[in-house]
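1. Could you look at this predicted model? Sequence included:
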Amino acid sequence: MKAKLMAVALAATTLMAQDSRNTNVPNTDTHVTMPEYKTLADWEARRKQLREHFLSAAGLNPMPEKTPLNPRIFGHTDHKDYTIDNVVFETMPGFYLGGNLYKPKGKTGKLPGLLIAHGHWIYGRLENQQLDSMPTQGVNMARQGYIVFAYDMIGYNDTAQLPHEFDGKPERLWTYGVFGLQSWNSIRALDYLESLSEVDHSRMGITGASGGATQAMVLSALDDRVAFSSPVNMISASMQGGCICENAYCLRRGTSNLELAAMMAPKPMLVVAATGDWTKNVPREEFPAIRHIWELYGKADNIEAVQFNLPHNYNKDSREAVYAFFAKHVLSQTQPPKEKEVEAERIQDMLAFFARPMPANALTADKVFEQWKEMSRRQSKAITDPEAIRARLRFALAAEWPEKVEFRESALYRSGAGDHVPARWTVGQGDPVLYLHPDGAAAAAKSPAVTKLLADHRSVLLIDAFQTGSAKAPRDRNAHHFLTFNVTDDAARVQDILTAARFLMSTGAKRVEIAGEGNALVWALFAAAIAPEEIHLSAMPTGFTGSDKDFATRFYVPGLQRAGGLDAAMKLVQNKH
């Protein structure tokens with residue numbers, strides 16, 4: 001049968017307009033909308049997906065081992081009706097989290113426990129000024145009958161083994177970053193509250209403003225022990241989080257803080273907003289959108305919103321709104337508590353490590369990272385179920401096996417997506433071959449291997465994988481927190497290979513063969529690993545050892561090492577043959 005060749009004839013300028021991965025580049029300031037969920041079953045299914053998504057983005061899938069906290073108290077302040085302890089404990093061996101434990105005096109029985117996470121104010125949990133005062137809040141809520149633990153973000157006060165902002169390709173490969181570490185610290189802080197004999201385990205909650213509100217939303221989404229919450233001045237459709245501690249790879253790809261906040265449903269949550277920051281539209285936009293989820297549960301009375309004509313804050317007005325909401329839902333009180341003045345402590349008296357060295361086992365920054373990598377290797381090795389391995393790799397690659405792929409106008413289109421993959425499809429005999437070249441279809445067509453395949457009358461598909469050949473086009477990789485919302489070029493190339501393979505399967509092929517050269521064989525290996533169908537690789541990549549350097553320079557996809565890296569991909573491919 002005479003081969004019929006359909007060649008790519010689209011110009012790069014046309015491609016720029018047609019591939020949404022180049023033209024639709026969301027960032028933290030991109031306006032988002034809440035998806036509409038018509039039934040509770042729809043939302044519950046989505047919530048399950050989101051839990052897995054957020055855990056994976058944080059590097060907590062699987063969770064690290066919950067090792068002994070070994071809490072230590074360095075400093076105690078005793079007042080008439082409350083006490084303050086300066087506490088540190090190990091959220092991982094040799095990695096310390098610091099905070100202040102506020103406890104009431106004269107209260108009996110089991111008491112509710114509350115975490116307070118601080119935002120990016122200079123003094124963190126010790127900030128004490130008009131717009132924010134965590135010490136004032138801690139004392140007042142202890143007086144009201146809560147056991148309160150106010151804890152540090154990474155890089156603040158007593159939690160200073162790592163800086164607050166650090167980033168790099170090696171760290172991203174292992175999903176090792178401030179977002180994940182702070183999420184883990186929040187989980188362990190809840191463990192600490194739970195370990196206290198006075199705390200009622202059924203009444204544990206969290207609040208925080210700004211970056212602290214992000215932590216509150218994340219903990220509420222990841223840990224079902226959170227029974228009540230109040231994220232303050234952060235739930236927004238127009239700004240998703242400005243610091244790296246609120247952004248991780250793929251964290252908000254296909255989702256947003258609106259869904260993250262809604263994962264608290266149907267439990268009590270107060271949304272606090274301000275007219276002077278990105279929560280200015282909450283009463284009209286964000287709150288009605290997320291309240292719908294509580295309505296699906298028949299629990300709309302469990303969510304409320306309040307807004308103040310103020311700049312970004314967690315000031316007295318906002319705090320008193322939280323006191324009132326928690327009093328109603330947690331303490332069963334109808335009288336809203338009013339904030340009372342607090343005797344200000346000296347900052348140095350609130351710190352565990354002021355003029356005191358850290359414990360002897362405290363790890364350096366490099367050692368914390370090494371411990372994380374060793375944990376990751378150990379966990380990946382222990383996962384033997386192919387579907388579990390595949391799911392972890394699939395999240396890092398953010399790639400799917402398409403339900404339907406169309407070939408038209410010399411390009412492949414994934415149904416429901418805006419991808420545009422230029423392609424040359426030669427119809428011949430036998431099982432089809434997808435031949436890949438790092439420089440695209442035109443370069444592949446010149447390969448002696450392709451010449452031979454065509455001479456043998458084989459069916460051959462050549463593609464310009466993302467940002468190769470005629471698919472090269474401008475892409476704004478400098479968009480604010482680009483990798484929180486978008487995949488890397490290499491991850492997109494894996495998707496294009498899956499799209500091409502799915503098209504070939506739709507032609508009636510019983511098996512798809514992939515051949516190629518150079519780095520394209522690395523793309524092919526990972527595509528074959530996560531594909532649900534058998535893909536035969538005619539050659540394996542050479543010189544690719546799976547080291548951090550290899551991934552950083554030849555196949556950069558954050559999270560791949562945490563997901564098992566090259567060993568995981570090889571295991572999946574070998575299991576298929």
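-> All right, it came through fine.
2. Okay, buried residues for stretch 120-135 please.
-> For stretch 120-135, the neighbour count (16 or more other CB atoms under 10 Å) marks 120-121, 123-128, 132-135 as buried. In short, each C-beta sits where N, CA and C put it, glycine included.
3. Those residues into TSV, with extra columns for secondary structure, pLDDT and distance to L436?
-> Output for the buried residues of stretch 120-135, formatted as TSV (DSSP: H, G, I helix; E, B strand; the rest coil; pLDDT from 0 to 100; distance: CB to CB, whole Å):
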residue	secondary structure	pLDDT	distance to L436
H120	coil	97	45
W121	coil	97	51
Y123	coil	97	54
G124	helix	98	50
R125	helix	98	52
L126	helix	98	56
E127	coil	97	54
N128	strand	97	60
D132	strand	97	54
S133	strand	98	59
M134	helix	98	55
P135	helix	98	60
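4. who's in contact with the closest residue to Y156 other than its chain neighbours?
-> Excluding the flanking residues, the one nearest Y156 by CB to CB, 6 or more residues apart in numbering is G124, at 3.7 Å. By CB atoms under 8 Å, 6 or more residues apart in numbering, the contact list for G124 reads 118, 134, 152-153, 156-157.
5. Please, where are all the strands along the stretch 151-300 of the chain?
-> 199-209, 226-232, 269-276 (DSSP state E, counting those that start in this stretch).
6. er, the stretch 401-550 of the chain actually
-> Along the stretch 401-550 of the chain, counting by DSSP E, counting those that start in this stretch, strands occupy 405-408, 411-414, 421-427, 429-436, 458-463, 512-516, 535-537.
7. out of these, which comes closest to L196?
-> The closest of the strands of the stretch 401-550 of the chain to L196 is strand 411-414. By CB to CB, the value is 51.8 Å.
8. Which neighbours in the sheet does that closest one have, and how are they oriented?
-> Sheet pairing for strand 411-414, assigned by DSSP bridges, gives strand 405-408 (antiparallel), strand 421-427 (antiparallel).
9. Out of those strands, which one sits most buried?
-> strand 421-427 (a mean of 23; mean count of other CB atoms under 10 Å).
10. Could you chop this protein up by domain?
-> Using automatic domain parsing, the domain parsing of the chain gives 4-29+383-575, 63-355.
11. for the last one, the distance to its chain's centre please.
-> For domain 63-355, the distance from its own C-alpha centre to the chain's C-alpha centre is 18 Å (CA atoms, centre = their mean, to the nearest Å).
12. got it, and stretch 369-377?
-> For stretch 369-377, the separation from the chain centroid amounts to 19 Å (computed by CA atoms, centre = their mean).
13. give me the low-pLDDT residue ranges for the chain?
-> Scanning the chain with the threshold set as pLDDT under 70 gives 1-17, 576-577.
14. again, only using 90
-> In the predicted model, the chain carries pLDDT under 90 at residues 1-18, 430, 479, 510-511, 534, 575-577.
15. if we compare the strands of the stretch 151-300 of the chain, which one ends up closest to V512?
-> Evaluated over the strands of the stretch 151-300 of the chain, closeness to V512 peaks at strand 226-232, with 45.9 Å, by CB to CB.
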